[in-house]
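[1] Return atomic coordinates for the entry below.
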Amino acid sequence: MKKDLIVLWKLLTYWKNKKKNNAKNLSLPIFSNADAIRNWLKTDSKNAEIIKKISYLNLSCLDLKDVPEEIKYFKNLKELNLFSNKITSFPIQILDLPNLKFLDLRDNPFEVLKDDMEEKITKKIKTRKMELIIDSDKISSEFYDFLTKKSLLEKFWEALKKNNPEYNLPTCLVYFEEIKNWLEKKGKAIITLNWIFNLITIWKFLIKNKKVLVKEYFFC
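    Okay, here's the model as predicted:
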């Protein structure tokens with residue numbers, strides 16, 4: 001854990017990584033000791049406020065075995081990339097970050113998630129608009145369907161609202177089930193040839209860019 005924290009800190013202080021990790025304009029002290037980092041974060045609330053300015057972290061390919069508990073100080077973190085590390089258990093504490101919108105956990109050697117863990121994760125990401133990317137062989141087919149459909153439908157819905165302002169689509173709809181119910185119950189009233197054309201165009205774009213599988217739910 002201490003080694004992982006030191007790696008994280010080096011990323012934030014090494015000039016080549018500052019811009020990549022949204023820390024370009026931050027003045028952070030250089031530490032090589034995990035205890036010194038923890039003391040710096042805890043002793044002065046102003047230090048924690050500095051860390052809150054970071055909204056993006058790219059921690060991919062660093063051989064991390066765990067996510068440092070100090071990640072809790074990154075209150076405004078929106079995107080976290082943990083691709084291709086050596087994390088052996090799902091870091092569920094990350095899902096408590098209040099502003100997190102995107103989490104990439106692909107190519108990590110943790111075991112297949114148990115049902116109770118999948119339920120905990122589902123409850124946490126259902127309460128926010130968040131995208132989780134994880135290897136399909138680490139999760140059940142039901143959980144995979146939930147993640148991909150949620151991600152797909154949110155992108156689908158955003159594209160429809162952006163490209164079709166004349167339809168006045170409800171902006172309050174966010175989650176899979178509520179959007180699906182609205183489309184099935186009320187959406188038919190505004191379906192036109194132009195509407196269907198836009199749906200098909202977006203669908204083809206998603207398939208071409210491997211954002212969706214052909215067999216998944218189609219709403220027109």
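
[2] contacting residues for residue 82?
    59, 60, 64, 67, 91, 103, 104, 105, 108 (CB atoms under 8 Å, 6 or more residues apart in numbering). Any C-beta I mention is one placed from the backbone N, CA and C, and that applies to glycine too.

[3] Low-confidence stretches in the protein?
    Residue ranges of the chain with pLDDT under 70: 1-2, 11, 13-25, 149-155, 164, 166-167, 174-177, 180, 184-220.

[4] domains for it, by residue range?
    Using automatic domain parsing, the domain ranges for the chain come out as 1-139, 141-220.

[5] hang on, the earlier thing: and the contacts of residue 82, which are buried?
    Among the contacts of residue 82, the ones that count as buried by 16 or more other CB atoms under 10 Å are 59, 64, 67, 91, 103, 104, 105, 108.

[6] any chance of these in a markdown table, with secondary structure and distance to residue 12 too?
    A markdown table is the format used below for these (DSSP: H, G, I helix; E, B strand; the rest coil; distance: CB to CB, whole Å):
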| residue | secondary structure | distance to residue 12 |
| --- | --- | --- |
| 59 | coil | 10 |
| 64 | coil | 14 |
| 67 | coil | 15 |
| 91 | coil | 18 |
| 103 | strand | 19 |
| 104 | strand | 19 |
| 105 | coil | 21 |
| 108 | coil | 21 |
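
[7] Taking these, tell me the two that lie furthest apart.
    Farthest-apart pair in the buried ones among the contacts of residue 82 is 64 and 103; separation 13.9 Å (CB to CB).

[8] Distance-wise, check residue 124 relative to residue 71.
    Distance check for residue 124 against residue 71: by CB to CB, to the nearest Å, it reads 15 Å.

[9] now residue 86
    If you go by CB to CB, the gap between residue 86 and residue 71 works out to 17 Å.

[10] now residue 130
    16 Å.

[11] cool, residue 109 as well?
    Note on residue 109: its distance to residue 71, by CB to CB, is 20 Å.

[12] Likewise for residue 137?
    Residue 137 sits 25 Å away from residue 71, taking CB to CB as the criterion.

[13] Please identify which of those two sits among more neighbours.
    Between residue 137 and residue 71, residue 71 has the larger neighbour count (other CB atoms under 10 Å), namely 21 against 7.

[14] What segments of the chain are helices?
    Remark: helices assigned in the chain by DSSP state H are 2-13, 15-18, 34-43, 45-51, 115-126, 141-163, 176-185, 193-208.

[15] Hmm, residue 84 is touching residue 108, no?
    Yes. Contact criterion CB atoms under 8 Å: residue 84 and residue 108 qualify, at 7.4 Å.
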